[in-house]
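Student: A predicted structure for the sequence below; I have some questions about it.
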Amino acid sequence: MTFVDFVDLCDSMAPRLFTIASHYHTQNNVVIAASLIENGLISKFFLTKPQYVKTELRKSTFTASMDWKKVIYIAAGTGLAPFRGFIQEKVYNLELKKQGK
Ligand SMILES: Cc1cc2nc3c(=O)[nH]c(=O)nc-3n(C[C@H](O)[C@H](O)[C@H](O)COP(=O)(O)OP(=O)(O)OC[C@H]3O[C@@H](n4cnc5c(N)ncnc54)[C@H](O)[C@@H]3O)c2cc1C
């Protein structure tokens with residue numbers, strides 16, 4: 001088998017999923033919270049501070065009610081990523097309320 005045939009047989013690299021960890025009202029960019037994995041291809045790639053990365057957005061089914069007064073978020077590792085955005089949204093809404101908006 002030639003090298004080209006071998007490469008043709010290989011799957012393309014699978015995309016890595018990252019949860020948006022910021023709320024769109026509070027900043028003009030998107031923040032992700034990525035954990036550095038030993039020998040992890042993409043998490044190590046982030047260390048090179050890339051200027052551009054190829055991305056696509058996928059809609060999440062994970063939502064938080066904004067009606068709550070008090071809530072405890074529990075997560076392991078990077079599972080805390082969406083909570084960061086939820087907290088920013090809550091703070092943003094409280095600020096709007098204070099301003100009577
Ligand atoms: C819905 C969802 C949301 C996610 N959200 C986040 C998030 O917000 N933040 C976050 O940090 N992560 C998140 N992840 C995990 C993320 O998508 C990646 O899986 C993670 O960053 C590791 O990717 P990587 O390219 O760095 O590691 P990879 O290169 O995929 O490696 C992962 C592991 O496999 C081992 N490995 C790789 N290649 C080989 C090989 N050939 N032989 C043996 N072992 C090998 C590596 O040593 C490493 O331990 C999420 C995943 C999902 C499914």
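Tutor: Cool, the structure landed.
Student: Residue 84 in helix, strand or coil?
Tutor: Per DSSP: H, G, I helix; E, B strand; the rest coil, the secondary structure class of residue 84 is helix.
Student: Quick check: closest non-adjacent residue to it.
Tutor: The shortest distance from residue 84 to any non-neighbouring residue, by C-beta to C-beta, 6 or more residues apart in numbering, is to residue 21 (4.3 Å). For glycine as for every other residue, the C-beta is placed from the backbone atoms N, C-alpha and C.
Student: That neighbour against residue 87, yeah?
Tutor: No. Applying C-beta atoms under 8 Å as the test, residue 21 and residue 87 come out as separate, 10.1 Å apart.
Student: For the residue nearest to residue 84, grab phi and psi.
Tutor: When read as degrees, to the nearest 10, the backbone of residue 21 gives phi -110, psi 30.
Student: again, but for residue 94
Tutor: phi -60, psi -40.
Student: Give me the distance between it and residue 69.
Tutor: Computed with C-beta to C-beta, to the nearest Å, the distance linking residue 94 and residue 69 is 11 Å.
Student: Let me know the pLDDT of the closest residue to the ligand within the chain.
Tutor: The minimum distance from the chain to the ligand, using C-beta to the nearest ligand atom, falls at residue 40 (2.4 Å). Listed pLDDT for residue 40 reads 94.
Student: repeat for residue 12
Tutor: In this model, residue 12 is scored at 88, pLDDT.
Student: Please settle this for me: is it part of a helix?
Tutor: No. If the criterion is three-state DSSP, then residue 12 is coil and not within a helix.
Student: Contact partners for it?
Tutor: Not one residue lies near residue 12 by C-beta atoms under 8 Å, 6 or more residues apart in numbering.
Student: Next, the buried residues of stretch 32-48.
Tutor: 32-34, 43 (16 or more other C-beta atoms under 10 Å).
Student: which residues touch that stretch?
Tutor: Counting by C-beta under 8 Å, 6+ apart, 13, 16, 18-21, 77-78, 80-81, 84 sit against stretch 32-48.
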